[in-house]
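> the sequence and its predicted three-dimensional model are supplied below.
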Amino acid sequence: MTVIGTDGKRRCFGGQAGKEFYGVYHDEEWGIPEHDDQKLFENLILEGAQAGLSWETVLRKRDGYRRAFHGFDIARVAAMSDSELEALREDEGIIRNKLKIYSARKNASVFLDMQREFGSFDSWLWAHVDGVPVINRPKEPSDMLATSPVSDAISKDLKKRGMSFVGTTIIYAYMQAVGMVDDHMADCWQA
């Protein structure tokens, strides 16, 4: 079941009055293949920040995250000091959960290791779907998956390497966000 935005378009989510920004995210980012490592890192951190919250909440704070985490410069995030991370616990522009804040640094360090090992994080990540997005066309929201064997495998490997906030449900949402999975509803204008 889709929603009709103020512009008359049917979307999986967003676009209603007061949520136009969410419709723009739906139209211009969600489900569109992303291959830039910095954007892949940004999405990974934001999806982890979402744990237990709504994506809309995180999306409203994305600019705060970009400011707090140096534009998601992976090397700069990996080098953040404990005092810098502690200061972020007072930053109302982000979700101030200590574990989520500290995970950004740890995940950045692992991300850099993976770039060295595979040439890019993108190469490693997209190999899980042979470089081609998995296209689903759920008819109802209840038809949409929350996990998959691929998200299970990615999650397991990232955890083994030392990342946190990368459970299989988070990773499946990440796969949707970066276009590895295209889960636009069958009656969505993007389908």
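In hand now; what should we look at?

> before we move on, what SS does the residue nearest to the spatial centre of the chain have?
Computing the C-alpha centroid of the chain and ranking residues by C-alpha atoms, centre = their mean puts Asn43 first, at 3.4 Å. Per DSSP: H, G, I helix; E, B strand; the rest coil, the secondary structure class of Asn43 is helix.

> skip the chain neighbours and tell me the closest residue to it.
Nearest residue to Asn43, sequence neighbours excluded (C-beta to C-beta, 6 or more residues apart in numbering): Ala177, at 5.0 Å. (Glycine included, C-beta is placed from N, CA and C.)

> same check, this time on Lys159
Lys159's closest residue in space is Val166 (C-beta to C-beta, 6+ apart), at 6.1 Å.

> and for the one you found, the neighbour number?
Neighbour count for Val166, taken as other C-beta atoms under 10 Å: 24.

> now swap in the one 4 residues further on and tell me
Taking other C-beta under 10 Å as the criterion, the count of residues near Ile170 is 20.

> need the contact list for Leu88.
By C-beta atoms under 8 Å, 6 or more residues apart in numbering, Leu88 lies in contact with Ala68, Ile94, Arg96, Ile101.

> appreciated, that's everything.
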